[in-house]
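Enquirer: can't give you the sequence, but here's the structure:
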């Protein structure tokens, strides 16, 4: 309208359009400038943040790149703890700052910032520097940990050696003055050994640490690690040796006092037994003899019951001597005293038994003689009958008489066995008249066997199962036991209860009765005798009257594969018969095997068999009257000989 009303209206309109265009261009330029200013502002802000972050990372790099590892365990512990705090703080703060810068750069790049390329370079640089810092922190942490482990290893080694030496110094030298104190020390040492067990676990852990560190280091450090390990192991070995030595000393001391206690108890017991034997009443009549014999056998049973204690005591003493105990001289002296006392006890017991044996023989002989005297009128009768009826009556009477005499046969057989006294007297008679050659051969060296026997009697090689009393007074010779009267070839090598079974008879056939029987076996050089029990052995009555088994050429074989029983051996004789013997344990089996081997090598025993105490009347003086009486009595005995 304005342009229509005025002639220059069109020009005004054009001018207005031109102004509008210029204003729009100005606004656009203003917006572009603001945008550039914003970009520049953001650029400078980001640049400052990046520079500060790079400077912060560089400062942290200096700390993380430190080569200080500490001079000792305390120092490295301090460095490690501080660096752990440094690493924790750096990780928390640095990661937040790096994440913020990365996020800002990403936003600016996405917003089309004019310096996007440069910002991307800043981002890559920051991330690389941060990664390097983290790697340095990790490396520094590992180095400090390794340094801590190494210094702690050396410090633990020194402390462990000090603990070991301290434990070794705790070992006392006192071993106790009696058995109770020795046992008390032994218990204390047991607690000590339990304590050092924990120390042993530490040593084992130290060895494992040494092996791990040795694989990580080389050169001087490896040598130092090995040297520290050697020091610890040497100290530990020394402690173990000292502990073992202390235990051995305490065991030896306890065993010594135990041995002395056993010896003291056995000596006191043997003294009481000797006193019982010496103070018992003498036999006055038949009943008293039987009573005293029962009492005498009771003492024997008590002695046998103590056999295991004797064996244990002697074995303990010999074991101490074998270990070369420092008190070997005293132990040996105690052993000798014990054996001598046992000899004395057995001598007195056997002597007392010999007296009772003579009394028993006198009783049996008087009863037999009274019976003979009572029967003499009948056998001396000249009445032979006057007719058939009388003769038949006399024959029946005589048959009855012969039957009655048969019951006395065993009593007369017992009287025919030699008593200990008779055996000794016969030995004196035989040895008192040696041949001229024997006299000439022994005249020059009479002192040699005496000296050797004295040495042997003082030696310690004593077998507790064999008692050999010696003759001390000629006046008491008639009471000596049989063992003292026997020659070396007649000595008992071994005796005891064994199970026996006849497996094969002499004909080579299996025995009809192959049952096991417990018998009292007595082994002598060259022969083996069996008795029902020890009492039968004392009386000289073999089992069922069996003759001794001759061991010459025999074979003894241990049956290790025998399934029915354990500890069984087979004895095969030259006549083809085979016997099985069973022992109670392996030790007894070996003992019998060794003894039988010795018996096989020795010459066969010559002389009377069997009895420790046997029965026959003592020898009287050889006067004409006594000889006539003896012949008369022999006639009486011969009248009642066993019918064939």
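Expert: Nice, thanks for sending it over. Source: prediction; values computed, not measured. Residues are numbered from 1 along each chain as shown.

Enquirer: Now do the buried residues in stretch 558-567.
Expert: When burial is assessed from 16 or more other CB atoms under 10 Å, stretch 558-567 yields the following buried residues: 558, 559, 567. Heads up, the C-betas are built off the backbone N, CA and C, glycines and all.

Enquirer: Identify the residues contacting residue 276.
Expert: For residue 276, the contact set (CB atoms under 8 Å, 6 or more residues apart in numbering) comprises residue 299.

Enquirer: where does residue 371 fall, helix, sheet strand or coil?
Expert: helix (DSSP: H, G, I helix; E, B strand; the rest coil).

Enquirer: Switch the buried residues of stretch 558-567 over to a markdown table; also include secondary structure.
Expert: Below are the buried residues of stretch 558-567 laid out as a markdown table (three-state DSSP):
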| residue | secondary structure |
| --- | --- |
| 558 | strand |
| 559 | coil |
| 567 | coil |
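
Enquirer: Nearest to residue 408 among those?
Expert: Nearest to residue 408 among those, counting by CB to CB, is residue 567 at 44.2 Å.

Enquirer: Report the contact partners of that closest one.
Expert: The contact partners of residue 567, by CB under 8 Å, 6+ apart, come to 582, 583, 584, 585, 586, 588, 589.

Enquirer: one step back: now flag whichever of the buried residues of stretch 558-567 is closest to residue 308.
Expert: The nearest member of the buried residues of stretch 558-567 to residue 308, counting by CB to CB, is residue 567 at 17.9 Å.

Enquirer: that older thread, restricted to buried residues, select the contacts of residue 567 in ChimeraX.
Expert: In ChimeraX, a selection of the buried entries from the contacts of residue 567 looks like this (16+ other CB under 10 Å):
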select :582,583,588,589
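
Enquirer: which ones among the contacts of residue 567 are found in strands?
Expert: Counting by DSSP state E, these place residue 582 in strands.

Enquirer: Closest to residue 402 out of the contacts of residue 567?
Expert: residue 582 (44.4 Å).

Enquirer: Tally up the residues packed near the closest residue in space to that closest one that isn't next to it in sequence, please.
Expert: Among residues not flanking residue 582 along the chain, residue 499 sits closest, at 3.6 Å (CB to CB, 6 or more residues apart in numbering). Number of residues near residue 499 (other CB atoms under 10 Å) recorded here: 17.

Enquirer: average model confidence for whatever helix or strand residue 499 lives in?
Expert: In this assignment (DSSP states H and E), residue 499 forms part of strand 494-504. Averaging pLDDT along strand 494-504 gives 92.

Enquirer: I'd like the numbering to begin with 46 instead of 1 from here.
Expert: Renumbered: residue one is now 46, and that last one reads strand 539-549.

Enquirer: chain center to that strand, what's the gap?
Expert: 31 Å (CA atoms, centre = their mean, to the nearest Å).

Enquirer: That one - contacts with which helices or strands?
Expert: When contacts are defined as 3 or more CB pairs under 8 Å, 6 or more residues apart in numbering; DSSP states H and E, strand 539-549 packs onto strand 562-569, strand 623-627, helix 631-646.

Enquirer: go with 6 Å
Expert: Applying 3 or more CB pairs under 6 Å, 6 or more residues apart in numbering; DSSP states H and E, we find strand 539-549 packed against strand 562-569, strand 623-627.

Enquirer: Adding distance to residue 292 and mean pLDDT, write these out as JSON lines.
Expert: Converted to JSON lines, those look like this (distance: least, CB to CB, whole Å; pLDDT from 0 to 100):
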{"stretch": "strand 562-569", "distance to residue 292": "41", "mean pLDDT": "93"}
{"stretch": "strand 623-627", "distance to residue 292": "40", "mean pLDDT": "94"}
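
Enquirer: Residue 264: which of those strands is closest?
Expert: Of those, nearest to residue 264 by CB to CB is strand 623-627, at 72.1 Å.

Enquirer: Which strands border the closest one, and is each parallel or antiparallel?
Expert: Partner strands for strand 623-627, per DSSP bridges, with pairing direction: strand 539-549 (antiparallel), strand 613-617 (antiparallel).

Enquirer: coming back round to it: what angle do the strand holding residue 544 and strand 562-569 make?
Expert: Inter-element angle recorded for strand 539-549 and strand 562-569: 120 degrees (by axes from the mean of the first three to the mean of the last three CA atoms, to 10 degrees).

Enquirer: Quick one: work out the angle between strand 539-549 and helix 631-646.
Expert: Interaxial angle of strand 539-549 relative to helix 631-646 (the same axes, to 10 degrees): 80 degrees.

Enquirer: As a markdown table, the helices and strands packed on strand 539-549 with distance to residue 580 would be great.
Expert: Below are the helices and strands packed on strand 539-549 laid out as a markdown table (distance: least, CB to CB, whole Å):
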| stretch | distance to residue 580 |
| --- | --- |
| strand 562-569 | 9 |
| strand 623-627 | 21 |
